[in-house]
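Novice: Structure of the sequence below:
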Amino acid sequence: MEKNEYKEYLAKRARGIRKYMECEDFGVFRKVIADIKPDYEFVKADAIRINDEFRSHVTLPSHIRNSLYFNKINEDACREITTGRIFYRTYNDSFYNEESGLHFNFYNYFEKGVAFEEYVILPEYKEMVRDYFDSYIALKREDDIQKSKAQYLLLKKGIDFTKK
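Specialist: Just a heads-up that it's a prediction; the model follows:
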């Protein structure tokens, strides 16, 4: 990446987080599901088509099926509206949920949710979001199990795997 491209990237990244910071507390914002990524070490979550499986059974408009809605709690945390899962801000301005292993940032954009919030109370939307998080929570559990097994094997061999 060239110097000018890197500067543009940093400026774009700063704009998104700045817009989040300017959003009022308990304000609603929308994240596209494609921008929310898993953070696993052993499980290949990208190969699993969780989103396509549950979205095909939902009768909601596509722009709603592709979105999660959040409340900004404060500058360091936000809450997914339907499930109440909290995402905490990390050192690199990403927001991370420990239970599901999902994270997102505002490098691409920050979009206030102003038009479609009425969909978050519909049973179809609630079921879709619960299925989405349940799938990733199961993957996170499997990843944690695999991580524990790997750490056990390293300890058994006397290898120090901790960060120094």
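
Novice: so how far is the longest strand that the chain contains from its chain's centroid?
Specialist: For the chain, the strand reaching the highest residue count under DSSP state E is reported as strand 67-74. Using C-alpha atoms, centre = their mean, to the nearest Å, we find the averaged C-alpha position of strand 67-74 to lie 11 Å away from the chain's own average C-alpha position.

Novice: For it, which helices and strands make contact with it?
Specialist: Here strand 67-74 is seen to pack against strand 28-32, strand 77-80 when contacts are counted using 3 or more C-beta pairs under 8 Å, 6 or more residues apart in numbering; DSSP states H and E. C-beta here means a position set from N, CA and C on the backbone, and glycine is covered the same way.

Novice: quick one: which of those is nearest Tyr152?
Specialist: When the helices and strands packed on strand 67-74 are ranked by proximity to Tyr152, the top entry is strand 77-80, at 33.1 Å, counting by C-beta to C-beta.

Novice: What is the distance between that closest one and the centre of its chain?
Specialist: The mean C-alpha position of strand 77-80 is separated from the chain mean by 10 Å, C-alpha atoms, centre = their mean.

Novice: Also stretch 130-144?
Specialist: Per C-alpha atoms, centre = their mean, the centroid offset for stretch 130-144 relative to its chain is 12 Å.

Novice: And the helices in this protein, which stretches?
Specialist: Assignment of helices within the chain using DSSP state H yields the ranges 3-22, 50-55, 62-65, 123-156.

Novice: Now tabulate the ones you listed in TSV and tack on distance to Lys31, mean neighbour count and mean pLDDT.
Specialist: Converted to TSV, these look like this (distance: least, C-beta to C-beta, whole Å; neighbours: other C-beta atoms under 10 Å; pLDDT from 0 to 100):
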stretch	distance to Lys31	mean neighbour count	mean pLDDT
helix 3-22	11	13	74
helix 50-55	13	15	55
helix 62-65	13	14	76
helix 123-156	12	15	87
